[in-house]
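Student: here is the input, now give the coordinates:
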Amino acid sequence: MKINIFSEQLSENLLQQCAEIWVACFTGPPRFENWTIESAADELQKYLAQKGDFILAMPDDRTVAAFAVGLPVADHYGGADLIAAGAHPQSYYFVALGTRPEFRRQGLGAALHKRREEEGVKRGYSVMTVRVRSDNDDNLRLLERAGFTESGRYQASIGESIAERLIMTKFVKAGVTDS
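Tutor: Alright, predicted model coming up:
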């Protein structure tokens, strides 16, 4: 499995696959968020426009098994709200991570978190921030194992989904990641 980084350009095919994974991960039980392939692709396009890092786990040159997106929290269109909820204002923000169901439980989430953290450090950040639903036990375990701790909490709604969100933070030494 190769991990590829895309920062400004992502082919329509790869973006479409990321949107499909997004919908598979964030709609239906227990999330119940209202995403379509089109709305997810639009959301992902926003991150491309903000020069976000798209980190893709790919078993071959055409297939996306999992994806992650990271960018400076100040560059995120909702950055002010995230900072108000407890995100460090000078942090590299882990926007999203999703894995196709058939590729889950293979360590891809941990590998993408680590690579995303490395990209944040390359950009000069020593603070990493992520927002996660408080009921996302798998991701919480992954983040805690990687050294993230809770730094904020708030209620948010997306579509018909109202959930408690946690802001998790990790401080790293410049040039050193240990997740």
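
Student: can you give me the helices for this structure?
Tutor: Secondary structure of the chain by DSSP state H: the helices cover 12-26, 37-49, 79-85, 108-122, 137-145.

Student: out of those, the one nearest residue 6 is which?
Tutor: Taking CB to CB, helix 12-26 is the member of those nearest to residue 6, at 7.3 Å. From N, CA and C alone the C-beta is placed, and that goes for glycine too.

Student: please pull out the lowest mean pLDDT helix or strand from this protein.
Tutor: When the helices and strands of the chain are scored by mean pLDDT, DSSP states H and E, strand 149-158 comes last with a mean of 82.

Student: may I see the buried residues of that strand?
Tutor: 151, 152 (16 or more other CB atoms under 10 Å).

Student: partner strands of it, parallel or antiparallel?
Tutor: According to DSSP bridges, strand 149-158 forms sheet pairs with strand 161-171 (antiparallel).

Student: now the partner strand against helix 108-122, angle please.
Tutor: Strand 161-171 and helix 108-122 meet at an angle of 50 degrees, taking axes from the mean of the first three to the mean of the last three CA atoms, to 10 degrees as the criterion.

Student: now do strand 161-171, average pLDDT.
Tutor: For strand 161-171, mean pLDDT is 85.

Student: how about it as CSV, C-alpha atoms only?
Tutor: Provided in CSV are the C-alpha atoms of strand 161-171 (Å, rounded to 0.1, in the frame of the first residue of the first chain):
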residue,chain,number,x,y,z
SER,A,161,-26.9,14.6,13.5
ILE,A,162,-26.4,16.4,16.8
ALA,A,163,-23.4,15.2,18.6
GLU,A,164,-20.8,16.1,21.1
ARG,A,165,-17.4,16.9,19.4
LEU,A,166,-14.1,16.7,21.1
ILE,A,167,-11.1,18.8,20.2
MET,A,168,-7.9,16.7,20.6
THR,A,169,-4.4,18.2,20.7
LYS,A,170,-0.9,16.8,20.4
PHE,A,171,2.3,18.7,20.9
